[in-house]
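> What follows is a protein structure lacking sequence information:
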Ligand SMILES: Nc1nc2c(ncn2[C@@H]2O[C@H](COP(=O)(O)OP(=O)(O)OP(=O)(O)O)[C@@H](O)[C@H]2O)c(=O)[nH]1
Ligand SMILES: [Mg+2]
């Protein structure tokens, strides 16, 4: 383990068009671990060429990809972000700073950079889930895809969802474990040109995300 390096896990399903933008924004001292989740485009080769550590996860699903990335990480602090260009990795150091200031988990609250980047149904679903979490005592306003956490603590939390319920299960378990959670505004832009929306941009994707998250809530 290296003490000062930070690992950044990037789940990736056909994000060839986004990876150059995403990886170029990586701050110094942050190492990208791109978890390729069965891409049929050039994602793994592009990621490798840009200096990322690439691992492969055959089981489909966001949770499967991020969990494998966590297992492959070796840094004490691990960050997570989407690989579609919608988030800016240059914003990660403020989340990491919160961990140094005593937080157990730092998350991003997505603030859309324009009205059309976040479809109303996805946004409404997120707001509803976040309000349920606040009622349980967790001060969050988003179910964020951008987060920083200590590797060992996250492994101890024992998240089992391997699909789109993963981010919600993480927050629920963090609250049960009495974690100190800090949330920061982060900008949320359009996914990179030439890449395809898989979740919020399609009815099928939205239905899958709602199904996975409801399963987590029902536990
Ligand atoms: N949809 C999907 N994304 C995956 C999967 N495995 C890894 N990912 C990656 O997980 C990240 C989040 O997925 P996105 O498709 O961007 O999900 P989203 O941001 O909720 O919705 P859209 O950007 O509107 O599609 C991206 O970097 C994907 O490439 C998977 O099995 N399904
Ligand atoms: Mg996205």
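That came through, no problem. Just so you know, these numbers come straight off a predicted model, no measurement behind them. Numbering: from 1, shown residues only. Ligands and ions are numbered 1, 2, ... in the order given.
> which non-adjacent residue is nearest residue 142?
Excluding its sequence neighbours, the residue lying closest to residue 142 (Cβ to Cβ, 6 or more residues apart in numbering) is residue 109, at 4.3 Å. For the C-beta atoms, the positions are set from N, CA and C on the backbone; glycine is no exception.
> what sits up against the helix or strand hosting the one you found?
If you go by DSSP states H and E, residue 109 is part of strand 105-112. By Cβ atoms under 8 Å, 6 or more residues apart in numbering, the list of residues contacting strand 105-112 from outside reads 87, 91, 94-96, 98-99, 118, 140-142, 144-149, 170-171, 174, 179-189.
> Buried ones among those?
If you count burial by 16 or more other Cβ atoms under 10 Å, the buried members of the contacts of strand 105-112 come out as 87, 91, 95-96, 98-99, 118, 140-142, 144-149, 170-171, 174, 179, 181-184, 186, 188-189.
> So is the helix or strand following the strand holding residue 109 next to ligand 2?
The helix or strand immediately downstream of strand 105-112 is helix 120-135, counting by DSSP H and E. No: interface with ligand 2: helix 120-135 contributes nothing (Cβ under 5 Å from the ion), its closest point being 9.5 Å away.
> So is helix 120-135 next to ligand 1?
No: Helix 120-135 lies out of reach of ligand 1 by Cβ under 6 Å from any ligand atom, never closer than 6.8 Å.
> circling back to that earlier point, how many residues are close by the residue nearest to residue 142?
17 (other Cβ atoms under 10 Å).
> what does the one 3 residues further on give?
Neighbouring residues of residue 112 were enumerated by other Cβ under 10 Å; the total is 14.
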